[in-house]
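[1] next one to model:
(chains A and B)
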Amino acid sequence: MAFLEIRNLDAFYGRARSLHGVTLDVEAGRIAAIIGPNGAGKSTLLDSILGLVRTTGEIRLDGVSLTGRSATEIVRLGVGYAPERGHLFPFMGVRDNLLVGAHTAPRDAERNLRRVFDLFPVLEERQNQETGTQSGGERQMVSLGRALMSSPRLLVVDEPTIGLAPRVCHDIAAALRRMNEELGITILITEQNVNFATHLARDVLVLETGEIRLRGTADELMNNPHVREAYFGH
Amino acid sequence: MPLARPLLGWLAFAVVMCLVPVFVSTGTVRILVFANFLAIFAMSWDVISGRTGYISFGHPFLIGIAGYTTAMLTYHLDTPLWLSIPAGVFATLVGGTLFLLPALRIRGTYFALVTLAFMELMYQLTQVIAPKVTGGTRGLSGIPTIVSGAIPNYYLTFGLVFAIGLGLWFVLRTRIGAALAALRMDEGAVAASGLSTIRLKLFAFMTSAAVAGIGGAFYVHYLGSIAPRGLFDINFLFTILVAALLGGSSTVAGPILGAYFLTFLLEYLRPYLPGPERYVIYGMIALVVYVLEPRGLHAILRTGARRLAPLLARRRIAP
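    Numbering: from 1, shown residues only, chains lettered A, B, ... in the order given. Here you go, the predicted model:
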């Protein structure tokens, strides 16, 4: 039994169906990546895991069904979410942003805060700075940190490298690896940056027009002609 | 944040305000009573609109529910005040739940317009539905007062301002306050962080309604009368709004400060501009303050104090 199991998942915005029978597994302790172009349904898939959109099908975390549960319950069950472009609270300081993420795990707040500052020392130095005045890279760190504050067992991260310089992408990848290896957190990311995704993740899935088109290890997909043609142009 | 300094500030505020009647005329004390009521209404408005970003244009609806409930109970049924006032506040909580319903689906301009409709609806209903009970267009008069005289009413209303202000300050400096502020900035991110946005909104709306209800009930028993034209009035609504925004939204001290400033401004303009043109002047002053410092008078005073502190310290050190 996989740690995260998704079976025949359809997701809807009103009457429009944006995911079509998505089925995937993420093993415990692994990093998995979903790659795909704009509009493929990557963010919708992560929103579905969090119960933020209407879905049919089945989503299970460590054997426990997430279907029909509220986002609050799902976060309490161990899913942390770092949405695309962070979605931070711009007029609040770094520390306050992080503490909003601690509402579902208040007892672990101090320990988790130390973990976040250990992963991203720059955030400790700037903990009173309003996040609206921070760089894109720092905001992404706060977003990951806020997700970590809920003591997640599964971390879902939506396009963590969007708009970031290669150097910062490297730091973000290093932090995600540490979360996975040192804290034992299973990670599912979505990405358009195929190089980043295949370097970070062991298992990669290709999502296009709401359907999983390909799946395999990072090496397998990097050698797949369709992926090479679609994402590298050769 | 350390507690001692802000608590000292609250204590100093209480001491100064308790001494005010000793030094000012009875007329000024009467003006201060109105300022105290405006402060309560502005604090109530700020809990919904300043904290969560749901702009309410229907606050007189909440105030009116409490006012009419306690007025009708005491006028028609001779209900004692200790029972009618809590009944009024309870009725406002029910009204606050009605406010919450549109907030579950809409926000921004649409929410503001729906709440404005609540106020208009209440204005019409009080005149049309059972006018014998509500007093119709003329309202009800001869409602019992709690205390009589300017000074007792001043201490009563200031006591309410102080208790509500301190209570809100304690609650809003907790994690709930931070979550409400986050709700204003990005509701989706709050939900994605695992917080129940419905519960947060319910908390904000109920708190705001309770404060509006307390203010509305005591206001009616201060005036001794209630009429739809005075209560469900767009000028009354905008006075509440401007007091909160001018003083400093998303703070507790700001709406109090704005209420005192605005009440005195309107009263001191009265001899020169007895008509509604006063509102043009106060609107202009509000605009200037808002352009200079969008965070309001509260922020202006804080910045001033911060700049003044080193200068005073230097003078103290100098021989």
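[2] surely A:Val94 meets A:Thr131?
    Yes - counting by CB atoms under 8 Å, A:Val94 touches A:Thr131, with 6.1 Å between them. No exception for glycine: its C-beta is placed from N, CA and C like everyone else's.
[3] the more surrounded of the two?
    Comparing A:Val94 with A:Thr131 by other CB atoms under 10 Å in any protein chain shown, the one with more neighbours is A:Val94, at 28 against 24.
[4] show me what residue of chain A gets nearest to chain B.
    A:Val75 (2.7 Å; CB to the nearest CB).
[5] just the pLDDT at that residue, thanks.
    At A:Val75, the model reports a pLDDT of 94.
[6] name the nearest residue to the residue in the stretch 201-319 of chain B that chain A sits nearest to, ignoring sequence neighbours.
    Closest contact between the stretch 201-319 of chain B and chain A, by CB to the nearest CB, is at B:Ser250 (8.9 Å). Leaving aside its chain neighbours, B:Ser250 sits nearest to B:Gly50 (4.5 Å; criterion: CB to CB, 6 or more residues apart in numbering or on different chains).
[7] tell me the secondary structure at the residue of the stretch 201-319 of chain B closest to chain A.
    Secondary structure, DSSP: H, G, I helix; E, B strand; the rest coil: B:Ser250 is coil.
[8] count the residues that sit near residue 88.
    No chain was given, so I picked chain A. Residues near A:Leu88, counting by other CB under 10 Å, number 26.
[9] actually it's chain B I care about, not the one you picked
    Neighbours of B:Gly88 (other CB under 10 Å): 28.
[10] list the contacts for it?
    By CB atoms under 8 Å, 6 or more residues apart in numbering or on different chains, the residues touching B:Gly88 are B:Ile65, B:Ala66, B:Gly67, B:Tyr68, B:Thr69, B:Thr70, B:Leu73, B:Gly213, B:Gly216, B:Ala217.
[11] top of these by neighbour count?
    Counting by other CB under 10 Å, top hit in the contacts of B:Gly88: B:Gly216 with 35 neighbours.
[12] for chain A, which residues are neighbours of chain B?
    Proximity of chain A to chain B (CB under 8 Å from any CB of the partner chain) is limited to residues A:50, A:52, A:70-72, A:74-76, A:81, A:83, A:87-92, A:96-97, A:99-104, A:106, A:146, A:150.
[13] switch the cut-off to 6 Å
    Counting by CB under 6 Å from any CB of the partner chain, the positions of chain A adjacent to chain B are A:71-72, A:75, A:81, A:83, A:87, A:89, A:96, A:100-101, A:103-104, A:150.
[14] any weak-confidence spans in the chain?
    All of this is about chain A. Low-confidence segments of chain A (pLDDT under 70): A:234.
[15] please go with chain B instead
    Looking at chain B by pLDDT under 70, you get B:1-2, B:315-319.
[16] from it, which residue is nearest to chain A?
    Using CB to the nearest CB, the closest approach of chain B to chain A is made by B:Gly194 at 2.7 Å.
[17] mind listing what that residue touches?
    Counting by CB atoms under 6 Å, 6 or more residues apart in numbering or on different chains, B:Gly194 makes contact with A:Thr72, A:Val75, A:Thr104, A:Ser150.
[18] surely A:Phe117 meets A:Glu124?
    Yes - contact criterion CB atoms under 6 Å: A:Phe117 and A:Glu124 qualify, at 3.8 Å.
[19] same drill for those two, tell me which one is more crowded.
    Taking A:Phe117 and A:Glu124 together and counting by other CB under 10 Å, A:Phe117 has the greater number of neighbours (18 against 14).
[20] now that one: how far from A:Ile35?
    Distance, A:Phe117 to A:Ile35, using CB to CB, to the nearest Å: 31 Å.
[21] spatially central, which residue of chain A would that be?
    Per CA atoms, centre = their mean, the C-alpha nearest to the average position across chain A is that of A:Val157, at 1.4 Å.
[22] part of a helix, is it?
    No - going by three-state DSSP, the assignment for A:Val157 is strand, not a helix.
[23] mutual contacts of A:Val94 and A:Thr131, please.
    Shared contacts of A:Val94 and A:Thr131 (CB under 6 Å, 6+ apart): A:Val142.
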